[in-house]
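Asker: just a sequence and a predicted model for now, questions to come.
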Amino acid sequence: DAGVTQSPTHLIKTRGQQVTLRCSPKSGHDTVSWYQQALGQGPQFIFQYYEEEERQRGNFPDRFSGHQFPNYSSELNVNALLLGDSALYLCASNLLWGSGNTIYFGEGSWLTVV
Amino acid sequence: AQRVTQPEKLLSVFKGAPVELKCNYSYSGSPELFWYVQYSRQRLQLLLRHISRESIKGFTADLNKGETSFHLKKPFAQEEDSAMYYCALSGQGGSEKLVFGKGTKLTVNP
């Protein structure tokens, strides 16, 4: 089991551009969450998807949007990139209902906005 | 407001010494508390959660609701414990969003 996988691992974008990050959850998981981790900070919750719907959302602007596909994989889209969007973006997955409900994280996608 | 505070950004101890990483939280209700660890060049992984009451790699953490704390402890630190440690909380059930502290970088010196 490869666990949570994310792509790309690194990317550089210019201010104003748009970016799409991808995530495949751990096998058997149905829920995907996205976190932003700025340098020197803990991860901050962006949103969570379950059954292809946004289930919870953190305090992020509408420029941040997501999608979950029928195979449970997910995308994070960020429009009109700002320099402050430079961060590590983490995907996490878990089984929403069930014993344990341990949340597993991917290795992240490093986004640099120049 | 939901908040997790880790007052120490850096913590340095010698091998064999006891170590305690502090975590305080604020939450309306009964949260679930977690410790996550990130070793160098590895992904964030769960170290322990308060409801399981397990001891992982010699680490324990006790939830003190009166002091709203969840400090992580190990009686004898090892060099391989050097890592970034994050305290986090969520709502009941553990599937809700995680709120993280800013993390403590632990260095265990030989």
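Answerer: Good, I have the coordinates.
Asker: spell out which parts of chain B neighbour chain A.
Answerer: Within reach of chain A by C-beta under 8 Å from any C-beta of the partner chain, chain B has these residues: B:4, B:36, B:42-46, B:49, B:86, B:88, B:93-103. Glycine gets a C-beta too; all of them are placed from N, C-alpha and C.
Asker: keep only those of those residues that are in strands.
Answerer: B:4, B:36, B:45-46, B:49, B:86, B:88, B:99-100 (DSSP state E).
Asker: out of those residues, which are buried?
Answerer: B:4, B:36, B:46, B:49, B:86, B:88, B:99-100 (16 or more other C-beta atoms under 10 Å in any protein chain shown).
Asker: for chain A, state which of those is nearest.
Answerer: Within the set of those, residue B:100 lies nearest chain A; the separation is 3.3 Å, counting by C-beta to the nearest C-beta.
Asker: so what's the closest one bridging to?
Answerer: Beta-bridge pairing for residue B:100 (DSSP bridges): residue B:88.
Asker: per-residue confidence at it?
Answerer: pLDDT for residue B:100: 97.
Asker: residue B:71 now?
Answerer: Value listed for residue B:71 in the pLDDT field: 96.
Asker: residue B:59 versus that one, what's the distance?
Answerer: 11 Å (C-beta to C-beta, to the nearest Å).
Asker: find the centremost residue of the chain, please.
Answerer: No chain in the question, so chain A it is. For chain A, the residue nearest the mean C-alpha position is residue A:34 (3.0 Å; C-alpha atoms, centre = their mean).
Asker: that was the other one, I meant chain B.
Answerer: Short answer for chain B (C-alpha atoms, centre = their mean): residue B:35, at 3.5 Å.
Asker: contacts for stretch B:52-72, please.
Answerer: B:20-27, B:33, B:35, B:47-48, B:50, B:73-76, B:78, B:81, B:85, B:87 (C-beta atoms under 8 Å, 6 or more residues apart in numbering or on different chains).
Asker: go again with 7 Å.
Answerer: Residues outside stretch B:52-72 that contact it (C-beta atoms under 7 Å, 6 or more residues apart in numbering or on different chains): B:20-26, B:33, B:35, B:47-48, B:50, B:73-74, B:85, B:87.
Asker: repeat that for stretch B:89-102.
Answerer: Against stretch B:89-102 from outside (C-beta under 7 Å, 6+ apart): A:31, A:33, A:41-43, A:45, A:48, A:56, A:58, A:94, A:96, A:101, A:103, B:2, B:4-6, B:23, B:25, B:27, B:30-33, B:86-88.
Asker: how about stretch A:30-42?
Answerer: Residues contacting stretch A:30-42 (C-beta under 7 Å, 6+ apart): A:23, A:25, A:43-50, A:66, A:68, A:72, A:74, A:76, A:87-96, B:86, B:95, B:97, B:100-103.
Asker: helices of chain A, start to end?
Answerer: In chain A, no helices are found when defined by DSSP state H.
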